[in-house]
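Asks: Provided below for reference: sequence and predicted model.
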Amino acid sequence: RDDVESRGLGDVYKRQRRHCGYAGCLCIHRCHLRLRKAKEMAITVKSAREIELMRESCKLLADVFQNMERAVKPGMSTMDINILGDKLIRGHGCIPNFLHYNGYPASICVSVNDEVVHGIPMKHHILQEGDIVSLDAGLIYKGYHSDMARTIAVGEVSEEAKLLMERTRQSFFEGIKYAKDGNHLHDISNAIDAYISQFGYGIVRDLVGHGIGTALHEDPQIPNFAQKRKGPRLQAGMTLAIEPMINIGRPDVVWLDDDWTVVTEDGSLSAHYENTILITDGEPEILTLY
Ligand code: MF3
Ligand code: CO
């Protein structure tokens, strides 16, 4: 994407810049990734007390997701999902961290079919049998953020959609095999890429995973595609949001005029799978699993 200007995506570029105050933001172009040097990274290592708070934050979010997933049915609007999710988060006494984040207008990102991420819930956007819908949300519990995403089938979906969802999920698990103290961050990126590439899918490059803690987006940025450098060393106590975004077709994405919704440029289906995890001395803990 070095030639983004010449390909006529110049304003896409600028738009992204506008609402990305923080370099770790998921909605940032890869150009920033290259500009940031590894040594500038300040990855927070959480104390035992902070880890407990992260666990609780993530557990509550997983409960929200379980309930949202059960509710997804044909005929429901994407706004209905947002209203439900918002209610569930507040019902736990927590705050939805996406709402008003860089001006995002809802608590839950709801992205349908070729929408990759950051879809804005709409009263008139009705889910149809055969759609796949990506839900992405997070919450704040006692100052600690959690973040997760799932792509869910609406009724019966095509075989190719099922495969895309399953392989996107599996790519996360392939990646976190390397999420261990002493390994390097890009071991995770490389494993996700190696697994997904065999299917000929496009790995979204313009959006990345991130550290998480007292902020939704902390260092480091976590690409889902192969890296030349090793990246920073992983250490027990780091909490990371790992979130492959995979397209059936090309990796390229574009931003819609609402300044938020990211869609595949070729119109192909896209899936997203994200958990907040904890690096330990042994196997990683997946904090948002349900
Ligand atoms: N879900 C994104 C992430 O995982 C953040 C969404 S930004 C928002 O990092 F503004 F849409 F909330
Ligand atoms: Co995230």
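Replies: Received the coordinates, thanks. Numbering: from 1, shown residues only. Ligands and ions are numbered 1, 2, ... in the order given.
Asks: Next one: the residue positioned nearest the centre of the chain from ligand 1, what distance?
Replies: Central residue of the chain (Cα atoms, centre = their mean): residue 243, 4.2 Å from the mean position. Distance from residue 243 to ligand 1, counting by Cβ to the nearest ligand atom, to the nearest Å: 6 Å. For the C-beta atoms, the positions are set from N, CA and C on the backbone; glycine is no exception.
Asks: State the distance from that residue to residue 158.
Replies: Separation of residue 243 from residue 158 (Cβ to Cβ, to the nearest Å) stands at 23 Å.
Asks: Same check on residue 186?
Replies: From residue 186 to residue 158 the distance is 34 Å (Cβ to Cβ).
Asks: same check, this time on residue 270
Replies: Distance check for residue 270 against residue 158: by Cβ to Cβ, it reads 14 Å.
Asks: Compare those two (neighbour count), which wins?
Replies: Neighbours were counted for residue 270 and for residue 158 using other Cβ atoms under 10 Å; residue 270 has more, 30 against 12.
Asks: what bridges to that one?
Replies: residue 247 (DSSP bridges).
Asks: my guess is it meets residue 201, correct?
Replies: No: the criterion here is Cβ atoms under 8 Å, and residue 270 misses it with residue 201 at 9.5 Å.
Asks: intersection of neighbour lists for these two?
Replies: 164, 246-248 (Cβ atoms under 8 Å, 6 or more residues apart in numbering).
Asks: Only the buried subset of those, as a ChimeraX command please.
Replies: In ChimeraX, this line selects whichever of the shared contacts of residue 270 and residue 201 come out buried by 16 or more other Cβ atoms under 10 Å:
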select :164,246,247,248
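Asks: ok, the shared contacts of residue 270 and residue 201 vs residue 118, which is closest?
Replies: residue 247 (14.9 Å; Cβ to Cβ).
Asks: what sits against the closest one?
Replies: Contacts of residue 247 (Cβ under 8 Å, 6+ apart): 116, 201-204, 253, 264, 266, 268-270.
Asks: again, only this time at 10 Å
Replies: Applying Cβ atoms under 10 Å, 6 or more residues apart in numbering to residue 247 gives the contacts 114, 116, 164, 168, 196, 201-204, 253, 263-271.
Asks: Among these, name the ones in helices.
Replies: 164, 168, 196 (DSSP state H).
Asks: tell me, how many neighbours does the closest residue to the last one other than its chain neighbours end up with?
Replies: Going back to what we said before, that points to residue 196. Ranked by Cβ to Cβ, 6 or more residues apart in numbering and with sequence neighbours excluded, the top spatial neighbour of residue 196 is residue 171, at 5.1 Å. Using other Cβ under 10 Å, the number of residues around residue 171 comes to 27.
Asks: ok, now residue 205?
Replies: By the criterion of other Cβ under 10 Å, residue 205 has 17 neighbours.
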